[in-house]
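>>> Predicted structure and sequence below. I'll ask about it afterward.
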Amino acid sequence: MDLTFTPTELAFRDELRTWLRDHDPGPAPDGEDADFAWRRRFQEELAAGGWAGVHWPEDVGGRGATLTESAIFFEELARAGAPLPANVLGLVLAGPTIMSWGTDAQRERLLPAILDASEIWCQGFSEPSSGSDLASLRTRAVRDGDGWRITGQKVWTSFAQHARWCMLLARTDQDAPKHRGITYFLLDMEQDGVDVVPLRQITGESEFNELFLGGAWVPDDMVLGPVGAGWRVALTTLMNERAGLGFFLQARLRQDVDELAARIAQRGLLDDPAVAERLGELHRRTEVIRLTAYRGLSRTERDGEPGPEGSLTKWLWSETNQELTQFAVDVLGPTALDASDPWAHRLLRARGNTIEGGTTEVLRDIVSGRVLGLPKAR
């Protein structure tokens, strides 16, 4: 693993830092809709500056950035205090999947609107009884003329309330084995038969949603990949799921650890051995996460495909972020639970970290088998 940036990578980083200084989005506004609009405006600026899809090929509006440059982009975004783009699911998941499997007409129609956030994307994979076991999904698509009628339910659909399009998996062959007979659809959310029901979180926000499909229509020209090959197409999406985002999260985690250390120092608590030990452990874990992310990046550059390090990074980040937010409340006291203190929101939001984006239990299973080589449970 080489942690030394090349001259080209350093030039990329310095150019990005300059751009971010000149395009400071300012503090996040209060309110969910205002916050999303703020992130959308920031992505519009990114797109205008040629920074919205750095890892996309140049011929579709990207910069053709290397994996390391993409990691640098997300790290610098976090360090600058800038938000993730509003259309992050489109940039990281939908766009690369459409590039890999889409027709020329699909790429021409959909990719530009992903970059400038004029059309937001969501992901319709998980279902109430098909979360970690995605292949057991029950949403059905039935042939109807030159398209498909889709019925079923999705859940934990991030940003569905803002989305124009949905990456949707549905079963088109009820008799096929569960990993077969699934088709990948590009669903237009702006139609009858699509109902979005927000899920209120412990933070009071509705970041996630239920998605009810009652005969929603998808024409044949919005099927992505061959009919019945949706599982293979979905693997492309899933392989991109944590690409880059891990670098944003670990950089933001470092900022939070440093911010908490400064508040602890202001209170004169660093001389307390118990406090110093817990803070030191959080510092150590944060560095381990950063190095593990780069180790995974090095492996991907060497082997050409992501390894299990992405699962390990996400698992470590989830648990460390929960420990950090709980420690902040423990050491800062009741003031950290005041609604005006950002640590209150961080504590509540962190409760979902070990569930979203792959549960810790599933990630441990991946690491046990693919990293440690342990046998599967019988």
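Here it is on my side, so go on.

>>> neighbours of Ala34, just the number please.
11 (other C-beta atoms under 10 Å). The C-beta positions use only the backbone N, C-alpha and C, and glycine is treated the same way.

>>> buried ones in the longest helix anywhere in the chain?
Ordering each helix of the chain by length in residues (DSSP state H) puts helix 273-303 first. Across helix 273-303, burial judged by 16 or more other C-beta atoms under 10 Å covers 275, 278-279, 282, 285-286, 289-290, 292-300.

>>> so for it, what's the average pLDDT?
Averaging pLDDT along helix 273-303 gives 89.

>>> just stretch 257-264 next, same as before
95.

>>> which residues are contacting it?
Here stretch 257-264 makes contact (C-beta atoms under 8 Å, 6 or more residues apart in numbering) with Leu270, Val275, Leu279, Leu282, His283, Thr286, Leu324, Phe327, Ala328, Val331, Leu332, Trp343.

>>> What is the nearest of those residues to Pro25?
Trp343 (22.1 Å; C-beta to C-beta).

>>> CA atoms only: put stretch 226-246 into CSV for me.
Output of stretch 226-246 as CSV, limited to C-alpha atoms (Å, rounded to 0.1, in the frame of the first residue of the first chain):
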residue,chain,number,x,y,z
PRO,A,226,-31.6,-8.1,-20.4
VAL,A,227,-34.9,-9.2,-19.0
GLY,A,228,-34.2,-11.7,-16.3
ALA,A,229,-30.6,-10.6,-15.8
GLY,A,230,-31.4,-8.0,-13.1
TRP,A,231,-29.2,-9.7,-10.5
ARG,A,232,-26.1,-9.3,-12.6
VAL,A,233,-27.0,-5.7,-13.3
ALA,A,234,-27.6,-5.1,-9.6
LEU,A,235,-24.2,-6.4,-8.7
THR,A,236,-22.7,-3.6,-10.7
THR,A,237,-24.7,-1.1,-8.6
LEU,A,238,-23.7,-2.9,-5.3
MET,A,239,-20.0,-2.9,-6.3
ASN,A,240,-20.2,0.9,-6.5
GLU,A,241,-22.2,1.3,-3.4
ARG,A,242,-19.4,2.3,-1.1
ALA,A,243,-17.0,3.6,-3.7
GLY,A,244,-15.7,6.9,-2.5
LEU,A,245,-18.3,7.4,0.2
GLY,A,246,-16.1,5.6,2.7
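
>>> tell me the mean pLDDT over that stretch?
83.

>>> And for stretch 78-92?
So the average pLDDT for stretch 78-92 ends up being 94.

>>> For that stretch, what is the distance to the chain centroid?
Taking C-alpha atoms, centre = their mean, to the nearest Å, one finds stretch 78-92 lying 9 Å from the centre of the chain it belongs to.

>>> Kindly check the end-to-end length of that stretch for me.
16 Å (C-alpha to C-alpha, to the nearest Å).

>>> Name the residues of that stretch that come out as buried.
By 16+ other C-beta under 10 Å, the buried positions in stretch 78-92 come out as 78, 80, 82-92.

>>> what residue ranges in the stretch 1-150 of the chain are flagged as low confidence?
1-2, 130-132 (pLDDT under 70).

>>> ok, which stretches of it are strands?
In the stretch 1-150 of the chain, the strands defined using DSSP state E, counting those that start in this stretch lie at 121-124, 140-144, 147-154.

>>> Ala48 is nearest to which of those strands?
Comparing those by C-beta to C-beta, strand 121-124 comes nearest, at 19.7 Å.

>>> Please put the alpha-carbon coordinates of the closest one into PDB.
Provided in PDB are the C-alpha atoms of strand 121-124 (Å, rounded to 0.1, in the frame of the first residue of the first chain):
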ATOM      1  CA  TRP A 121     -32.400   9.200  -8.200                       C
ATOM      2  CA  CYS A 122     -33.300   6.800  -5.500                       C
ATOM      3  CA  GLN A 123     -32.700   3.100  -5.100                       C
ATOM      4  CA  GLY A 124     -35.600   0.600  -4.900                       C
END
